[in-house]
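K.L.:
Provide a 3D model corresponding to the input given below.
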Amino acid sequence: MALFGLFSKEKKESLDKGLEKTRTGLFSRLAKVIAGKSTVDDTVLDNLEEVLLSSDVGVQTTLKIIDRLQKRVTKDKYVGMEGLQALLKDEVKLLLTEREEESKLQNPFESAVKPYVIMVVGVNGVGKTTTIGKLAFQLKQAGKKVLLGAADTFRAAAVDQLTIWSERAEVPLVSQGMGADPASVAFDTVKTGLTQQADVIIIDTAGRLHNKVNLMNELSKIKRVIQKVIPEAPHEVLLVLDASTGQNAIEQAKQFTAATEVNALALTKLDGTAKGGVVIGLSDEFKIPVKYIGVGEKKEDLQLFDKASFVDALFNTSING
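P.N.:
Predicted structure coming up:
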């Protein structure tokens with residue numbers, strides 16, 4: 001089984017397959033940009049800008065990439081598809097690896113902090129509960145003692161779904177049912193985690209954005225009660241976003257980062273979309289690292305985000321022959 005921290009052949013194949021739709025769309029559009037051209041001129045760069053925007057890289061990040069390419073092609077002449085591909089790959093990799101301190105963030109598989117508390121936020125339907133379940137499963141497989149907290153009490157379905165995942169992952173769950181006070185559930189979860197000497201505590205929270213003030217107040221209250229038990233917690237506030245929504249994911253990131261102190265991102269459903277370029281935009285636009293990516297339906301298909309592996313898979317045209 002391919003677990004976090006072990007970038008096995010299986011994980012590489014899963015990542016390659018998960019990015020297939022984005023990769024295919026990107027390179028089919030790149031081929032049209034380069035058709036009939038022998039050099040990378042202003043027209044090619046203008047068309048490339050449209051390609052990146054249509055791949056949901058985002059306006060700010062696209063302009064940054066084009067500006068860097070413009071400066072490089074004034075010094076060097078890149079000919080044909082392969083030259084442009086190599087140049088673009090290099091710039092994307094540089095963009096994603098500029099903040100090396102992000103890669104030094106702790107992860108629950110290696111952290112010496114015990115219990116390591118994760119508060120998970122995100123709108124309904126993005127795969128939030130599924131991400132929690134997959135993460136809990138992999139942590140359990142890695143030998144960690146995990147406890148889940150069902151503090152998304154706004155919807156009965158959220159509590160039920162987390163209960164199912166706790167059973168699948170064979171990890172305990174603290175729940176007070178639908179309509180309970182989310183902060184009370186979070187408080188009980190953290191207290192229980194301390195008593196049971198849990199390694200990792202993962203707390204689900206409500207995913208609604210219709211009233212940002214209420215959302216902010218609720219998340220702030222949850223954090224305050226957690227800190228009554230463990231002052232430095234939560235160690236990770238994980239925002240889950242659906243990659244298939246493209247630019248809407250970036251808008252959600254803006255909303256949630258304004259409502260609470262998010263310090264990690266998870267991008268789900270990369271395997272079902274051609275909008276995987278949003279990972280690049282999110283990594284660049286927000287000073288928050290993408291920490292986890294979902295590239296398939298299996299429990300093992302939630303991966304720690306490795307920037308170099310992501311770029312290699314995105315630009316690996318040999319995969320499709």
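
K.L.:
I figured Ile230 hits Pro115, correct?
P.N.:
Yes - with contact defined as Cβ atoms under 8 Å, Ile230 and Pro115 form a contacting pair (7.4 Å). Bear in mind the C-beta positions are built from the backbone N, C-alpha and C, glycine included.

K.L.:
which stretches of the stretch 101-250 of the chain form helices?
P.N.:
All helices of the stretch 101-250 of the chain, identified by DSSP state H, counting those that start in this stretch, fall at 128-141, 156-169, 182-195, 212-229, 247-259.

K.L.:
What is the first one packed up against?
P.N.:
Put plainly, it is helix 128-141. strand 116-121, strand 146-151, helix 156-169, strand 200-205, strand 264-268, strand 290-294, strand 302-304 (3 or more Cβ pairs under 8 Å, 6 or more residues apart in numbering; DSSP states H and E).

K.L.:
Relative to the last one, what are the paired strands and their orientations?
P.N.:
Read that as strand 302-304. Here strand 302-304 has these sheet partners by DSSP bridges: strand 290-294 (antiparallel).

K.L.:
Check the average confidence over the strand it pairs with, would you?
P.N.:
Mean pLDDT, computed over strand 290-294, is 90.

K.L.:
and the angle for that strand with helix 128-141?
P.N.:
Interaxial angle, strand 290-294 versus helix 128-141 (axes from the mean of the first three to the mean of the last three Cα atoms, to 10 degrees): 100 degrees.

K.L.:
which residues does the closest residue to Tyr292 other than its chain neighbours contact?
P.N.:
Using Cβ to Cβ, 6 or more residues apart in numbering and skipping residues adjacent in sequence, the residue nearest Tyr292 is Ala266, 4.0 Å away. Ala266 is in contact with 131, 238-241, 290-294, 302, counting by Cβ atoms under 8 Å, 6 or more residues apart in numbering.

K.L.:
What's the PyMOL line that selects buried ones from those residues?
P.N.:
Selection of buried members from these for PyMOL, criterion 16 or more other Cβ atoms under 10 Å:
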select buried, resi 131+238+239+240+241+290+291+292+293+294+302
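
K.L.:
Could you identify the most distant pair in the contacts of Ala266?
P.N.:
Longest distance between any two of the contacts of Ala266 is 14.9 Å, between Leu239 and Leu302; criterion Cβ to Cβ.

K.L.:
Identify the residues contacting the closest residue to Ala259 other than its chain neighbours.
P.N.:
Closest residue in space to Ala259, ignoring its immediate chain neighbours: Met216 at 4.2 Å, by Cβ to Cβ, 6+ apart. Neighbouring residues of Met216 by Cβ under 8 Å, 6+ apart: 258-260.

K.L.:
can you redo those residues as JSON lines with pLDDT?
P.N.:
Below are the contacts of Met216 laid out as JSON lines (pLDDT from 0 to 100):
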{"residue": "Ala258", "pLDDT": "82"}
{"residue": "Ala259", "pLDDT": "80"}
{"residue": "Thr260", "pLDDT": "84"}
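
K.L.:
ok, so of those, who is nearest Pro172?
P.N.:
Thr260 (25.8 Å).

K.L.:
Can you select the buried ones among the contacts of Met216 for me in ChimeraX?
P.N.:
Selection of the buried residues among the contacts of Met216 in ChimeraX, burial being defined by 16+ other Cβ under 10 Å:
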select :259,260
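
K.L.:
nearest to Lys37, of the contacts of Met216?
P.N.:
Within the contacts of Met216, the smallest distance to Lys37 is 42.8 Å, found for Ala258 (Cβ to Cβ).

K.L.:
For Val57, give its distance to Gly281.
P.N.:
To Gly281, Val57 is 5 Å away according to Cβ to Cβ, to the nearest Å.

K.L.:
Asp90 too?
P.N.:
For Asp90, the distance to Gly281 (Cβ to Cβ) stands at 18 Å.

K.L.:
neighbour count winner among the two?
P.N.:
Neighbours were tallied for Asp90 and for Gly281 using other Cβ atoms under 10 Å; the higher tally belongs to Gly281 (26 against 15).

K.L.:
and that one, what is it in contact with?
P.N.:
56-58, 60-62, 250 are the contacts of Gly281 under Cβ under 8 Å, 6+ apart.

K.L.:
how near is the residue nearest to Ala259 to Lys307?
P.N.:
Plainly put, Met216 is 31 Å away from Lys307 if you go by Cβ to Cβ.

K.L.:
Pick out the residue nearest the middle of the protein.
P.N.:
Central residue of the chain (Cα atoms, centre = their mean): Ala266, 2.2 Å from the mean position.

K.L.:
Need the pLDDT of that residue.
P.N.:
On the pLDDT scale, Ala266 is placed at 94.

K.L.:
Just confirm Ile293 contacts Val279, I think it does.
P.N.:
Yes - using Cβ under 8 Å, Ile293 makes contact with Val279 at a distance of 7.1 Å.

K.L.:
Quickly note the distance from Lys128 to Gln138.
P.N.:
16 Å.
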